[in-house]
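Chemist: Model the structure of this input:
(one chain, ligands or ions: 2)
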Amino acid sequence: MSKWDISGINEWKSGEFPLGAVIPESGNSRDYVTGGWRSDRPYRNDDVCTQCLLCWIMCPDSAINTENEEVTTFKLNHCKGCGVCANVCPVNAIMMVPEGCDLPEVK
Ligand code: SF4
Ligand code: SF4
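Modeler: Ligands and ions are numbered 1, 2, ... in the order given. Modelled structure (predicted):
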C-alpha cells in the first residue's frame, strides 16, 4: 500500500475517507502533525529545571528537543499533551497548561 495523498482532504466527502486505523507506511511519525489532539501543553520553567533529562527519556513521542545535552523546547507538532514529562520531573519544573491560556508567569 502506498502512502496516503491527503492534499485534498478539506474537499473529501464522507465516502472518500480511507478506512480508519490503517497506517499504510512505516516510519511515518515525522510526516503527520499529531499535536492537534492535545488539550494541555507542557511548559518548562528553566529556572527550576536541573537538566536531568528524565523528561526527554520518558516522553513517549520523542517530543522534547535537546541541544548540547540539555532540554530546550517541546516539539508541539507531535506532543500529545499526555503529561508524562510533568509527572516524572523530580523538581516539578514542568506544568501542563490548557491550550489557549496564557503561559504562567515565572517567578
Ligand atoms: S506532554 Fe507527553 S508528549 Fe508532550 S512532551 Fe510531555 S511527555 Fe512528551
Ligand atoms: S525532568 Fe524536569 S528537571 Fe529533568 S530535564 Fe526535564 S524538566 Fe528538567
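
Chemist: all contacts plus neighbour counts: C-alpha atoms, from now on.
Modeler: OK.

Chemist: and the closest residue to residue 89 other than its chain neighbours, what element?
Modeler: Spatial nearest neighbour of residue 89, chain neighbours left out: residue 55 (6.2 Å); criterion: Cα to Cα, 6 or more residues apart in numbering. Taking DSSP states H and E as the definition, one finds residue 55 inside helix 54-58.

Chemist: residue ranges for the helices of the protein, please.
Modeler: Counting by DSSP state H, the chain has helices at residues 54-58, 84-88.

Chemist: The last one near ligand 1 anywhere?
Modeler: Yes - Helix 84-88 is in contact with ligand 1 by Cα under 6 Å from any ligand atom, via 84, 85.

Chemist: which of the residues in that helix are buried?
Modeler: Within helix 84-88, the residues scored as buried using 16 or more other Cα atoms under 10 Å are 85, 86, 87, 88.

Chemist: List the residues that contact the first one.
Modeler: When you say that, I think you mean residue 85. For residue 85, the contacting residues are 42, 54, 55, 56, 58, 59, 94, by Cα atoms under 8 Å, 6 or more residues apart in numbering.

Chemist: ok, back up a step: anything in the helix holding residue 55 near ligand 1?
Modeler: No - using Cα under 6 Å from any ligand atom, helix 54-58 stays clear of ligand 1, coming no nearer than 6.5 Å.

Chemist: Centre of the chain to that helix, how far?
Modeler: Helix 54-58 sits 13 Å away from the centroid of its parent chain (Cα atoms, centre = their mean, to the nearest Å).

Chemist: Give me the residues contacting it.
Modeler: 62, 63, 64, 65, 71, 84, 85, 86, 88, 89.

Chemist: The third one and residue 78 touch, don't they?
Modeler: Spelled out, that is residue 64. No - Residue 64 lies out of contact with residue 78 (Cα atoms under 8 Å); the separation is 9.4 Å.

Chemist: residue contacts, residue 94?
Modeler: Neighbours of residue 94 in contact, by Cα under 8 Å, 6+ apart: 42, 43, 44, 45, 85, 86.

Chemist: From ligand 1, how far out is it?
Modeler: 9 Å (Cα to the nearest ligand atom, to the nearest Å).
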